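>>> Have a look at this prediction, sequence included:
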Amino acid sequence: MAEHNELGQLGEELARAWLEENGYKVLHQNWRYSSYEIDIIATKGKFLHFVEVKARNYSRYGHPEDNVGRVKFKRLQRAADAYINKNPGHEWIQYNILAITFFTNREPEYFFIEDVFL
């Protein structure tokens, strides 16, 4: 497996643990429909959360969340629409980004952006 795939997989596992530690109930991880994928689908309170996870090694030239642009966000919305159509009954939804930055000599850094809309 390529290094960036391993980093992404580790990021998603850490993201799941971080969300659960922060009161989210994870319903699905890597939920797929057609060509769409949602990294994590979770609930907290009255909200259904669609979480895009971005993980990468530290770079002074950008942050993981910078890799979520309009095209990626539109794909997340289409996937969320498909999920809601297959699983109705969720009154409130929210799109979130959980960015994880890995460092050489310290623990990863988490940056959670709630209620994203691009």
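Received it, and whenever you're ready, just let me know what you need. Numbers count the residues shown, from 1 in each chain.
>>> Counting neighbours, which bits of stretch 98-108 end up buried?
Buried residues in stretch 98-108, counted by 16 or more other C-beta atoms under 10 Å: 98-102. Using the backbone N, CA and C atoms, a C-beta is placed for each residue, glycine as well.
>>> same question, stretch 14-26
Residues of stretch 14-26 classed as buried: 14-16, 18-19, 24, 26 (neighbour count, 16+ other C-beta under 10 Å).
>>> Can you pull out the residues in contact with it?
Stretch 14-26 has contacts (C-beta atoms under 8 Å, 6 or more residues apart in numbering) with 29, 39-44, 49, 51, 53, 55, 98, 100, 108, 110, 112.
>>> Quickly find the element holding residue 81.
Here residue 81 sits within helix 70-86, counting by DSSP states H and E.
>>> roughly how far apart are residue 11 and residue 86?
26 Å (C-beta to C-beta, to the nearest Å).
>>> Quick check: the two most widely separated of the contacts of stretch 14-26?
Checked with C-beta to C-beta, those reach their widest spread between 43 and 108, with 24.3 Å between them.
>>> re the thing from before, what is the helix holding residue 81 packed up against?
strand 25-33, strand 36-44, strand 47-57, strand 92-102 (3 or more C-beta pairs under 8 Å, 6 or more residues apart in numbering; DSSP states H and E).
>>> and it with strand 47-57, angle?
Between helix 70-86 and strand 47-57, the angle comes out at 140 degrees (axes from the mean of the first three to the mean of the last three C-alpha atoms, to 10 degrees).
>>> Residue 74: neighbour count?
Neighbourhood size, residue 74 [other C-beta atoms under 10 Å]: 11.
>>> for stretch 61-73, what is the average pLDDT?
Confidence for stretch 61-73, expressed as mean pLDDT, is 93.
>>> Would you quantify the distance from the residue lying closest to residue 44 once chain neighbours are set aside to residue 117?
Counting by C-beta to C-beta, 6 or more residues apart in numbering, residue 24 is the residue found nearest to residue 44 once chain neighbours are left out, at 4.6 Å. Distance of residue 24 to residue 117, given as C-beta to C-beta: 20 Å.
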